[in-house]
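Trainee: Okay, sequence plus prediction incoming.
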Amino acid sequence: MKWENTYLVFEVAKGPKVIIETLDTYGEDGWECCSQLIVAGSQIVCFLKRRTDADEPKVNKEEEKISKLWSNGSKE
């Protein structure tokens, strides 16, 4: 497995809403928070990772459409 890593720094004083919204945005791109560190009681550093070698199944939409038209609805 190969991973891409990055980090984000948050100010504690700005509250959890900023942290949650930012992590949700990164999560939509495949990032996940794997560790957190508190720095000087005023900042949170979040370390993020996402897998870079995952093969996504390639779907041919036209083949899928034709297959559905010609199938009887049962899964083989």
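Mentor: It's in.
Trainee: which SS class is the spatially most central residue of the chain?
Mentor: Nearest to the geometric centre of the chain sits residue 30, at 2.0 Å (C-alpha atoms, centre = their mean). Following DSSP: H, G, I helix; E, B strand; the rest coil, residue 30 is assigned to coil.
Trainee: Return the residues in contact with it.
Mentor: 50, 51 (C-beta atoms under 8 Å, 6 or more residues apart in numbering). Using the backbone N, CA and C atoms, a C-beta is placed for each residue, glycine as well.
Trainee: Would you mind measuring from it to residue 50?
Mentor: 4 Å (C-beta to C-beta, to the nearest Å).
Trainee: ditto for residue 68
Mentor: 32 Å.
Trainee: which one of the two has more residues nearby?
Mentor: residue 50 (16 against 9; other C-beta atoms under 10 Å).
Trainee: I'd assumed the more buried one was in a helix, is it?
Mentor: No: per three-state DSSP, residue 50 lies outside any helix segment and is strand.
Trainee: in terms of contact, does it touch residue 2 like I think?
Mentor: No: judged on C-beta atoms under 8 Å, residue 50 makes no contact with residue 2 at a distance of 10.1 Å.
Trainee: any residues in contact with both of the two?
Mentor: Common neighbours of residue 50 and residue 2 (C-beta under 8 Å, 6+ apart) do not exist.
Trainee: Convert stretch 43-58 to CSV, retaining C-alpha atoms only.
Mentor: The C-alpha coordinates for stretch 43-58 follow below in CSV (Å, rounded to 0.1, in the frame of the first residue of the first chain):
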residue,chain,number,x,y,z
GLN,A,43,-3.4,24.6,18.3
ILE,A,44,-4.4,21.2,17.0
VAL,A,45,-2.3,19.5,14.3
CYS,A,46,-4.2,16.8,12.4
PHE,A,47,-2.2,14.4,10.3
LEU,A,48,-4.1,13.1,7.3
LYS,A,49,-3.5,10.2,4.9
ARG,A,50,-5.1,8.8,1.8
ARG,A,51,-4.3,5.7,-0.2
THR,A,52,-2.7,6.4,-3.6
ASP,A,53,-2.5,2.9,-5.1
ALA,A,54,-6.1,1.9,-4.8
ASP,A,55,-7.5,0.7,-8.1
GLU,A,56,-10.9,2.0,-8.7
PRO,A,57,-13.0,-0.3,-10.9
LYS,A,58,-13.4,1.1,-14.3
